[in-house]
Structures are given as structure tokens and as C-alpha cells.
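> Have a look at this fold, sequence not included:
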């Protein structure tokens, strides 16, 4: 019996014409999306491009206008269903939460593969000759099907930097001081570093919370927490809070919604008491826009346009309207700190910081120690304080104190510079003042705590590409490798994070290999499993496999045996990382694949290909396919 279809029936081919029309409208709709999230943008654009290859086929159906068999109608109905699934997925990648799409990237990719399958199945039985489809169109459709099959087999290189940052940020056991530096990089990668971006993400997360209805609450809570952190580092105060636990439904309604919209600052969504106009003509609360500009932003938070100048003009007309409205509605404006300065900090705090910076150059050891300790604390959690300390001239004397003979002063100083380096501008200032050689010296000879924070400081500074190269040329990699091998647990973790970041630079990969990074990484995999650093070690090794020297050093039988053991008995994430490393090694050296087979990897890969994480399944399948091309496969 033929399947029923939700189409109108007509003796002149109305069945297929309705389905054809809907299908063409679906392709036109997805072609209009223009905001695909960065993590899935490439896949989305490729899918849309392939869907557009179906337009000539649908046009021929529409132009033919003839009655067709039930078989063809069923194919067209299946095609429409596949296009609906594609539209749903593409809409999600266009309007959905950017954090969710990054966190669940593997699951989203599996949805793309499901859509590819549906499209192929719908087109599989289409009788072109019966309908009279032209040869040219038939060839185009077959080309599109071949591309879909190739896309499903393809294994794109993972954005390792993004994966590593997400792993550190979401780790419950990782409390490193450089978290804010990682957050800044994540915000840029996920395009969540402007007010407009963050407001849109808030709405997307709100919709996600409502739609999930309490399911997978842990993941949702992680997303909400990360969104709040992004807002904090951008200089936005969270005013719309999520109501209760994640399992509850939505966001609290902000009290400010009863206030006329034009009276609210676009950044804080609070009523303005001192509205000012920026270069683009938009109005903001002075304190909020000053904080935005002091965070090294040079665009309009509302429009995203680059500001031609940073002058702020009082909006007296709007201020008068707000005051009149407040009087009429008996609304009391929030009180401002009378000591508040235009650049966003109290005069008392500014004087204190200026006094502390002066004391850094004191001849009295106790005075210096006290000043450094207070600057360290002031710079730990407050982005504004980091800017103020730098603006007050605090970086040059701190850099000079890195060479102080007193070990405690060294320790507090390198930690203070670590905190200050979280600010993007300060990263460049610290490097420009010549801090990196002194930090490397402390990394080699300082106290355990100083060595840990020196490693974290090098990680933070090396987020900027030019500093990565500088750390490498100044021989900062060997002491990091030594810390990875002989340091405290905290030191090993900080060294691993710094080495991962530095190894994103191709020249540093060679330096790390020559410095002997491979043995301590293997030690972490084989003997130090209780440290919980297997994923970090494998992530660094995966970076090093892109370098010929790295493959030669890593591709030894003992390491292949370790990889196979992790693939056999590791956590799902361990298995995924180990399979990825083995795949890269095997694609470059088939003898390593044969060695892995001798260690019994085949059956474990088959198991991962059916029950591993989404990414692990793809890697395992790719490795199995490669094995089938090698000789002596059982």
C-alpha cells in the first residue's frame, strides 16, 4: 500500500506540484539564513550549497506538470521531509545558543549526518527516465549525492584550541588563575564579546532553558554559568537572572521593563541617571559606557560600529525627560557614589592604587612586600583594577621586581603580573617591558608556587601570537617541560596548559620536541593516571603529530601499546583523544596501524564505532577504513 501524503490531490499532477512548491520554499528559506554560528558555519554553508543543487530538479518537476506514479510521489514526499529536517537543523545553527552549539558540537554533527542520510535515501529511488528529467539535471543531483556521502566520511580537524579551552573552563577541579584569559579567548572564538552578541545569546539560552524543561540540567547550568562569565569579562553587569534552578522554566522579568525603553541603558538595561552620547549617536549611561571603553573596546556596544572618537557628550534633553518621568511616576533614581570618577572608579581607590605603585619602588623591603601583596589582591578578580594599575604605571616597577633577590617578592610579583595579564592590553605592555625573560628565570629557579604561576603567566601572555613566538625564542619551553616532568600537581597542570598553547605555533612544536616533551607526556599517560591529565597529554600529543619530528618521536611501539590500552579501558573522552592520535599517526605511517592491530586495537575500535562519543565514532570509523586498505588485516 502506498504511503499517505499531506498533499492536495489533482488529476493534473497537483500532488507533486504542492510538494515541489513546498520543497523549493524550504530551500529558499534556508538560503536566507545569514547568522550561522562559527562552530558549525562551514558545515551549514556546505549543506545549503548542496541543497541549492536540487533547485533545477524541482524546477523541471514544476515545468513538466504531468501526472507521476506513486513511487515518484513517495520520493518527493521523502525529499520534503529531509528538507524539513535540514531546515530545522540549519535554523538551530543560525539562531541557537552559541555556547550550546560549541559544547554539543559532536551531537550537532551527528544531526548533519542524519540529514545527509535522509537526503540520499529520498533521492535513491528516483526514476529519472520515467519522469523525463534531463541528463544534465540528473548528473547534478548525482554530484550532490556524491558530495553528501563524501561529507559524511570526512573527518575535519578538530579545533583543538577551542576544545582545550572548553575542557579547562568546564573542569570542576581546575581553579587556575588564568581562567579569565581562557574566557576572553573563548568569547572571541564563539563571537560572544559584544553587548549585542551577549544579549542575543541570553535570549537563545532562555529559549533553550524553556525548551529543555529540566532535561540535561547539568549542561544547561554550565551554559548559563559560562554566559555570565562572558558578561563579566566584557564589563556587563548581569541584570536579568535565571529564575531558580535550571529545571524551572525561564528568566525573571526585569523590573526595568516597566520603564520606557528609551530611558534604559542598552548595556545594563537600567534607567540612566547620567546619559551620554557616543560617536555613533547612541546614548548610554556614562558609568557603563566608560567601563566598556576602559575594557579596551573601541566599538559601539549597540551597533557594533567602530567609534571615530571616544568623546562622550552629555544628553541633557534625555536627562530632563527621565527626571520629568520620575517625578510624574514617583520613581526614585538610583543613587550614585559621590566619589565616582568619569572613568569608572572611585577617587579613593585611585589614590590607593597610585600610592601602592609608588611604594613598589620603596627602599624598605616590608613596604615593597605590602604594596605587591595588595596589588596582587586588587588585580585578582576585578577587570577595572587591572586597567587602573596599568594606567597608574604599575607594570614597569613590577617587571623590575621580578629580578628581586627575595623569593617571596618574586612570587607575589609574578602572580600580580599573571593577574594583570588577563587584560588584553596589559599582555602587550608586560611583554614590551621585557617581563618574559625574567618570568622564565623564575620558572627555572623560583619557589614551587612561583614556578606554577610563572607557567600560568606564560600561558596567559602567549594567547597573543607574537608572545608565543617570543617565549619560544627566549627558551621558555625547556623549563616548562621540566615543570611538566618534575613539578607539583598544580605545576604540571599549569605547564601542560602553557605548553599546549605555545605548541599552536609551528616552530614551538619543534622546540618542545627537542626539549624532551614526549617522555613526560607518556609518563602522564602510563604512570601518573591518578593526576587526571590524560586528556591534556593526548591533546598536546595530537598537536605534535602534525609535525614530522613529532610523529617520528611519538611513533614508537611502546607508545602505540599505551594508546591501544587507553582505547581499550579509558574514559569515553580518553578513548576519543587516543583514537584521534592513533588516526593521525596511522595515516602517516601504515606500519603503526599494523602494530596497533597486533596489540588488539581492532575489536576496541569496532566497539567505539558503535558506542563511543560522536567524535570518537567518526575517528574510529576513519581508522577502520584506513586499516582495511593496509595489508594483513584480519
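Received, thanks. Not measured: the values here are computed from a predicted model.

> Verify the stated contact: residue 412 with residue 372.
Yes - with contact defined as CB atoms under 8 Å, residue 412 counts as touching residue 372 (4.4 Å). Where you see a C-beta, it was placed from the backbone N, CA and C, and this is true even at glycine.

> Tell me which residues touch residue 579, please.
Counting by CB atoms under 8 Å, 6 or more residues apart in numbering, residue 579 touches 567, 605, 608, 612, 616, 619-620, 623.

> okay, those in TSV with pLDDT and neighbour count next?
Shown next, in TSV, are these (pLDDT from 0 to 100; neighbours: other CB atoms under 10 Å):
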residue	pLDDT	neighbour count
567	92	28
605	92	28
608	91	25
612	82	23
616	85	24
619	88	27
620	90	28
623	90	27
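
> between the residues you listed, which is nearest residue 472?
For the contacts of residue 579, the residue nearest residue 472 by CB to CB is residue 619; the value is 29.7 Å.

> circling back: could you pick out which of the contacts of residue 579 are located in helices?
Among those, the members falling in helices (DSSP state H) are 567, 605, 608, 616, 619-620, 623.

> I figured residue 534 hits residue 525, correct?
Yes - checked against CB under 8 Å, the pair residue 534 and residue 525 is within contact range at 5.9 Å.

> overlap in contacts of these two?
With CB under 8 Å, 6+ apart, residue 534 and residue 525 have common neighbours residue 566.

> Quick one: name whatever helix or strand follows the helix or strand bottoming out on mean pLDDT in the chain.
Ranked by mean pLDDT, DSSP states H and E, the weakest helix or strand in the chain is helix 160-169, scoring a mean of 69. Next helix or strand after helix 160-169 toward the C-terminus (DSSP states H and E): helix 179-189.

> From the contact counts, what lies against that following helix?
Secondary-structure packing of helix 179-189 (3 or more CB pairs under 8 Å, 6 or more residues apart in numbering; DSSP states H and E): helix 160-169, helix 217-234.

> tell me which residues of the helix or strand immediately after that helix in the chain are tucked away?
Once the chain leaves helix 179-189, the next helix or strand it forms, by DSSP H and E, is helix 195-212. For helix 195-212, the buried set under the neighbour-count rule, 16 or more other CB atoms under 10 Å, comprises 195, 197-202, 204-206, 208-209, 212.

> Run the angle between helix 195-212 and helix 179-189 for me.
90 degrees (axes from the mean of the first three to the mean of the last three CA atoms, to 10 degrees).

> gap between the two ends of stretch 512-519?
One end of stretch 512-519 sits 11 Å from the other (CA to CA, to the nearest Å).

> Please list the residues outside that stretch that contact it.
477-478, 481, 484-485, 499, 502-503, 540-541, 544, 547, 549-550, 553-554.

> give me that answer again for 10 Å
472, 475-482, 484-485, 495-496, 499-500, 502-503, 505, 508-509, 511, 521, 537, 540-541, 543-544, 547-554, 556, 559 (CB atoms under 10 Å, 6 or more residues apart in numbering).

> Check the model's average confidence along stretch 318-337 for me.
Computed over stretch 318-337, the mean pLDDT rounds to 80.

> For the stretch 1-150 of the chain, give me the ranges with low pLDDT.
1-17, 64-70 (pLDDT under 70).

> can you do 80?
Within the stretch 1-150 of the chain, the segments meeting pLDDT under 80 span 1-18, 62-73, 104-107, 110, 125-132, 150.

> Which parts of it are helices?
14-31, 41-52, 55-64, 70-95, 98-103, 105-124, 128-131, 135-153 (DSSP state H, counting those that start in this stretch).

> still on that earlier bit, for the contacts of residue 579, work out which two are farthest apart.
For the contacts of residue 579, and using CB to CB, no pair is farther apart than 612 and 623, which are 11.5 Å apart.

> Give me the common contacts of those two.
567, 579, 605.

> Which single one of those is nearest to residue 282?
residue 579 (50.4 Å).

> mean confidence score for the one helix or strand the closest one maps to?
According to DSSP H and E, residue 579 maps onto helix 572-588. Mean pLDDT, helix 572-588: 88.

> a markdown table for the shared contacts of residue 612 and residue 623, including distance to residue 292?
Shown next, in a markdown table, are those (distance: CB to CB, whole Å):
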| residue | distance to residue 292 |
| --- | --- |
| 567 | 48 |
| 579 | 44 |
| 605 | 51 |
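
> hang on, residue 266 in a helix?
No - under DSSP: H, G, I helix; E, B strand; the rest coil, residue 266 sits outside any helix and is assigned coil.

> Give me the neighbour count for it.
20 (other CB atoms under 10 Å).

> what's near enough to touch it?
195-196, 199, 272, 282-285, 288-289, 300-303.

> Can you say which of these are buried?
By 16+ other CB under 10 Å, the contacts of residue 266 give 195, 199, 272, 282-285, 288-289, 300-303 as buried.

> would you list the residues you listed in TSV and tack on secondary structure and pLDDT?
Shown next, in TSV, are these (DSSP: H, G, I helix; E, B strand; the rest coil; pLDDT from 0 to 100):
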residue	secondary structure	pLDDT
195	helix	80
199	helix	83
272	coil	89
282	coil	90
283	strand	91
284	strand	90
285	strand	88
288	helix	82
289	helix	85
300	coil	86
301	coil	83
302	coil	82
303	coil	81
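
> between those residues, which is nearest residue 106?
Nearest member of those to residue 106, counting by CB to CB, is residue 199, at 27.9 Å.

> which one of the helices and strands packed on helix 179-189 lies closest to residue 101?
helix 217-234 (10.2 Å).

> How far does stretch 539-558 stretch from one end to the other?
End to end - CA to CA - stretch 539-558 spans 18 Å.

> Okay, buried residues for that stretch please.
Buried residues in stretch 539-558 (16+ other CB under 10 Å): 539-545, 547, 550-551, 553-555.

> Over to stretch 501-512?
So stretch 501-512, judged by 16+ other CB under 10 Å, has buried residues 501-505, 508-512.

> Can you tell me the closest non-neighbouring residue to residue 396?
residue 433 (5.5 Å; CB to CB, 6 or more residues apart in numbering).

> so what's residue 482 up against?
443-444, 451, 491, 495, 515-516, 520.

> again, 8 Å this time
Applying CB under 8 Å, 6+ apart, the residues contacting residue 482 are residue 444.

> Repeat that for residue 111.
So residue 111 contacts residue 89 (CB under 8 Å, 6+ apart).

> Distance-wise, check it relative to residue 23.
As judged by CB to CB, to the nearest Å, residue 111 and residue 23 stand 20 Å apart.

> just residue 408 next, same as before
Taking CB to CB, one finds residue 408 at 72 Å from residue 23.

> Equivalent analysis for residue 292, please.
46 Å.

> Who has more neighbours out of the two?
residue 23 (26 against 23).

> quick one: buried residues of stretch 583-596?
Taking 16+ other CB under 10 Å as the criterion, stretch 583-596 shows 583-586, 592-596 as buried.

> If you count contacts, what does the helix or strand where residue 627 lies end up packed against?
Using DSSP H and E, residue 627 sits in helix 614-629. Counting by 3+ CB pairs under 8 Å, 6+ apart, the packing neighbours recorded for helix 614-629 are helix 105-124, helix 572-588, helix 590-598, helix 601-611.

> Determine which stretch of those helices is the most buried.
Of all the helices and strands packed on helix 614-629, helix 572-588 carries the top mean neighbour count, a mean of 22, counting by mean count of other CB atoms under 10 Å.

> Domain parsing of this protein, as residue ranges.
16-153, 160-234, 261-329 (the TED database).

> Can you tell me which of those domains is nearest to residue 437?
Here domain 160-234 is closest among the domains of the chain (CB to CB), at 19.9 Å.

> Would you point out which residue is most central in the protein?
residue 186 (4.2 Å; CA atoms, centre = their mean).

> OK, contacts around it?
Counting by CB under 8 Å, 6+ apart, residue 186 has contacts 162, 165-166, 169, 192, 226, 230.

> ok, now with 7 Å
Neighbouring residues of residue 186 by CB atoms under 7 Å, 6 or more residues apart in numbering: 165, 169.
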